[in-house]
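# Generate coordinates for the sequence data below:
(chains A and B)
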Amino acid sequence: MDSLNLIREFLDGRLGVPPQQVVPAATLATLGVDSLMMLELVFECEDRFGVTLDKNLKSPKTVGELVVLVDRLRSEQG
Amino acid sequence: MSQRRVAITGLGLVSPFGGDLADFFARLLAGESAIRLLHTNDLPRPLSMPFAGCPGFDAEAALGRPLAGMLDRFAQLGVAAAFAAWDDAALPRAPQGDEREDWGVAWGTALGGTMAYEKGYRDLWQNGKERLAPLSLIHGLNNAANAQISIQLGLGGVSMSHTVACASSSIAIGEAFRRVRSGEAAVMLAGGSDTPQAYAVARAWEALRVLANADEASAPYCCRPFAAERSGLVLGEGGAALVLEDWDHAVARGAVIHGELAGYGTTCDHSHLVRPAAAGQVRALNAALADAQLTTADIDYVNAHGTATPEGDPVEIDALRSVFGNRAERLAVSATKSLHGHLLGAAGALEAIITVLALREGAIPPTAHLEHLDPACAGVDHVATARHQQPLRAALASSFAFGGSNAVLAFRAVAAQP
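Presented below is the predicted three-dimensional model:
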């Protein structure tokens, strides 16, 4: 599974956000992701892709920023 | 500041019988038991015990998926009950203006987020995980229910959680009552919620040897307060909430008033962790009566703590005999745990709702399965079958907890207002 689909699956299951709304330009906060849910989303990415996000990392604002971040870590750490 | 009268304007519950108040009370009056035998396939040994669960409770339907996912089951049950009470009080969910900045929540839970912590232990020690899900701590917080209630309803005043074993929600209601009566808050939402479904929690109750004996067939009838053949209590789960409101505030907005919370007494036996003492209960009963400016002659019904343990029941009747003296034999008493089980930190709030409904409807639900009264529990008017068309003026609801903490709430019927 790619990063975008993982984020779509998570937001559908956790918040009921339709997958078609989860596009790279979408703001995570607008989709309902607050700071606590961001922790859950990061945890899910780490668990599923076997990567580790630096806990001091600046939090991504959009779906696209998160995808880029996770994909970079997958290529570096995978 | 003069003392305010405290109206009860909202009742809400998630009970083993569901959340419909009229249906809930009708089932109690009909003597219908919600208790069934629970089987689980837990390791290292399957669990089997009589239990009054809420299998029909759908947290996502009641709370919405995002909020339900933020909460452990005890808090889901609690927030759902709070929403139901708020809706029953005809108060909008969203605040308008800053009126609610001094409104608050007082919540009782004996066990809190034990299911969340147990999941964490299992993940680490049984499932081989090296770390826990990020919300593990949030799910486990004992103040998760009252915190979310404050957030969801925009309540800016005090948000308290009370953990006083089986008196938790009675004490929460009493402490909320004092804040409304003093004028500190025009509205307080009070209640409690609990579930004992964490495997280790259920096993801990089992180890204390206080649970009723039952098999599949006998489970619905196994909780027998005051009966000679009683064998112990039955655990239950659920949430129950009351909206307590300054009487004048309630009248001004045209609220329906279900009853008046008139007094509250709380004491400690200060003698033993699990063996109750009549003297402490007597002081709590007298304190509630004095606080409500009621006498024993005014009380037409007592919803007893009545857990059906061999030790507890005679002590409670002894205390009632001491307080009511010559009137005790005419005092209607029932223990509805025989039907809905012991909801632990939610028990006091659930039984407060039952007491308010009894006063409002003029009907007393029974102590079920009371065919053979234990002579040690004699001396009051045990209500063994439902009574209808009762002109009830005032009533007490008692909660007597492990730890020796006692709480008694005194209610007055709206029709009996001075």
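
# quick one: the helices in the chain?
Defaulting to chain A. Remark: helices assigned in chain A by DSSP state H are A:3-15, A:35-49, A:63-77.

# other chain: chain B
When secondary structure is read from DSSP H, chain B shows helices at B:21-29, B:59-63, B:65-68, B:73-88, B:114-121, B:136-140, B:144-153, B:168-182, B:199-207, B:247-252, B:278-292, B:312-324, B:337-340, B:347-361.

# Out of those helices, which is closest to chain A?
Nearest to chain A among the helices of chain B is helix B:65-68; the distance by Cβ to the nearest Cβ comes to 4.8 Å. Heads up, the C-betas are built off the backbone N, CA and C, glycines and all.

# what sits against residue 39?
If you meant another chain, say so; for now it's chain A. For residue A:39, the contact set (Cβ atoms under 8 Å, 6 or more residues apart in numbering or on different chains) comprises B:134, B:135.

# Chain B was what I was after
Contacts of residue B:39 by Cβ under 8 Å, 6+ apart are B:46, B:47, B:48.

# nearest residue to residue B:113 other than its sequence neighbours?
With Cβ to Cβ, 6 or more residues apart in numbering or on different chains as the criterion, residue B:113 has its nearest non-adjacent residue at 3.5 Å, and that residue is residue B:140.

# Can you verify my assumption that the one you found contacts residue B:116?
Yes - contact status for residue B:140 versus residue B:116: in contact at 4.0 Å, counting by Cβ atoms under 8 Å.

# the more surrounded of those two?
Remark: of residue B:140 and residue B:116, residue B:116 carries more neighbours, 24 against 20, as counted by other Cβ atoms under 10 Å in any protein chain shown.

# sorry, back to before: between residue B:140 and residue B:116, what contacts are shared?
Shared contacts of residue B:140 and residue B:116, defined by Cβ under 8 Å, 6+ apart, are found at residue B:72.

# hmm, back to that, residue B:94: which of the helices of chain A is closest?
helix A:3-15 (19.9 Å; Cβ to Cβ).

# can you pull the contacts of residue B:241?
B:10-13, B:78, B:81-82, B:84-86, B:189-191, B:349.

# Neighbour count and pLDDT for these - can I get that in JSON lines?
Listed next are the contacts of residue B:241 as JSON lines, based on neighbours: other Cβ atoms under 10 Å in any protein chain shown; pLDDT from 0 to 100:
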{"residue": "B:10", "neighbour count": "26", "pLDDT": "98"}
{"residue": "B:11", "neighbour count": "26", "pLDDT": "98"}
{"residue": "B:12", "neighbour count": "25", "pLDDT": "98"}
{"residue": "B:13", "neighbour count": "32", "pLDDT": "98"}
{"residue": "B:78", "neighbour count": "36", "pLDDT": "98"}
{"residue": "B:81", "neighbour count": "33", "pLDDT": "98"}
{"residue": "B:82", "neighbour count": "32", "pLDDT": "98"}
{"residue": "B:84", "neighbour count": "22", "pLDDT": "98"}
{"residue": "B:85", "neighbour count": "29", "pLDDT": "98"}
{"residue": "B:86", "neighbour count": "23", "pLDDT": "98"}
{"residue": "B:189", "neighbour count": "32", "pLDDT": "98"}
{"residue": "B:190", "neighbour count": "35", "pLDDT": "98"}
{"residue": "B:191", "neighbour count": "38", "pLDDT": "98"}
{"residue": "B:349", "neighbour count": "35", "pLDDT": "98"}
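
# Check the gap between whichever residue of chain A sits closest to chain B and residue A:59 for me.
Among the residues of chain A, residue A:39 lies closest to chain B, at 3.8 Å counting by Cβ to the nearest Cβ. For residue A:39, the distance to residue A:59 equals 10 Å [Cβ to Cβ, to the nearest Å].

# So which bits of chain A are right by chain B?
By the rule Cβ under 8 Å from any Cβ of the partner chain, the part of chain A lying against chain B is A:14, A:15, A:16, A:32, A:36, A:39, A:40, A:42, A:43.

# same thing but 6 Å
Residues of chain A lying close to chain B by Cβ under 6 Å from any Cβ of the partner chain are A:14, A:15, A:16, A:39, A:40, A:43.

# about what we covered before: dump the contacts of residue B:241 to JSON lines, plus distance to chain A.
Below are the contacts of residue B:241 laid out as JSON lines (distance: Cβ to the nearest Cβ, whole Å):
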{"residue": "B:10", "distance to chain A": "28"}
{"residue": "B:11", "distance to chain A": "30"}
{"residue": "B:12", "distance to chain A": "24"}
{"residue": "B:13", "distance to chain A": "26"}
{"residue": "B:78", "distance to chain A": "19"}
{"residue": "B:81", "distance to chain A": "23"}
{"residue": "B:82", "distance to chain A": "21"}
{"residue": "B:84", "distance to chain A": "22"}
{"residue": "B:85", "distance to chain A": "26"}
{"residue": "B:86", "distance to chain A": "23"}
{"residue": "B:189", "distance to chain A": "24"}
{"residue": "B:190", "distance to chain A": "27"}
{"residue": "B:191", "distance to chain A": "25"}
{"residue": "B:349", "distance to chain A": "28"}
